[in-house]
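Chemist: give me coordinates for this.
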Amino acid sequence: MKQSIHAKRMERHHRRLNQQPKLNLVSLMDIFTILVFFLLVNSSDVEVLQNNKEIVLPTSVAEKKPENNLVVMVSEQNILVGGRKVADVQPALASEDSEIPELKKELEYLASRKPYRSLAEEEKGRDITIMGDEKIPYALLKKIMTTCAKSEYRNISLAVSQVPDDSAIPEAQGVGG
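Modeler: Below is the predicted model:
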């Protein structure tokens, strides 16, 4: 018996609906491959220290990456250790002492909570990073560094904003006369 065009179309449609759907993995794998390459290319090994809007770091061409250790932040008004305010800048500058007592007390407390693991580590001293505004006076920086050194934090690093080293770029001027 001959079927009508409508009946043939209905039969094809029912046959197509009864089949199991097929998953095309090729395009899915292409997407994941592109995603992996994108993440590899755009991942960076730059470490960023805690940021404070009040502090503008001095610039340098230093290439050593910052380590994850205790941070002393010095703004124009406050001295903070690990994000906590420990002293004001003006009284610390006005003081005749070579140390800042509030900072020393906080550093000694933090040192007591984390004992040395070895004798070599004790000889080297504890690690600390001073993140100071570029406009802080040298006298204040010297007091902070003296306080850190006398509180067993002798391995002192100064945080800076890295700028590219111009001497590493070959000079392109004067080519072609």
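
Chemist: now the lengthiest helix in the chain, how far from the centre of its chain.
Modeler: What stands out as the longest helix in the chain, according to DSSP state H, is helix 25-42. Its chain's C-alpha centre and that of helix 25-42 lie 27 Å apart, by C-alpha atoms, centre = their mean, to the nearest Å.

Chemist: packing partners for it?
Modeler: Counting by 3 or more C-beta pairs under 8 Å, 6 or more residues apart in numbering; DSSP states H and E, no packing neighbours are recorded for helix 25-42 among the helices and strands. From N, CA and C alone the C-beta is placed, and that goes for glycine too.

Chemist: give me the mean pLDDT for that helix.
Modeler: Averaging pLDDT along helix 25-42 gives 84.

Chemist: cool, and stretch 110-130?
Modeler: 83.

Chemist: distance across it, terminal residue to terminal residue?
Modeler: For stretch 110-130, the separation between the terminal residues is 16 Å (C-alpha to C-alpha, to the nearest Å).

Chemist: likewise stretch 88-97?
Modeler: 15 Å.

Chemist: and after the lowest-mean-pLDDT helix or strand in the chain, which helix or strand comes next?
Modeler: Sorted by mean pLDDT, DSSP states H and E, the helices and strands of the chain end with strand 59-60, the least confident at a mean of 68. Toward the C-terminus, strand 59-60 is succeeded by strand 70-74 as the next helix or strand (DSSP states H and E).

Chemist: so what secondary structure elements neighbour that following strand?
Modeler: The contact analysis (3+ C-beta pairs under 8 Å, 6+ apart) places strand 70-74 against strand 78-81, strand 127-132, helix 138-150.
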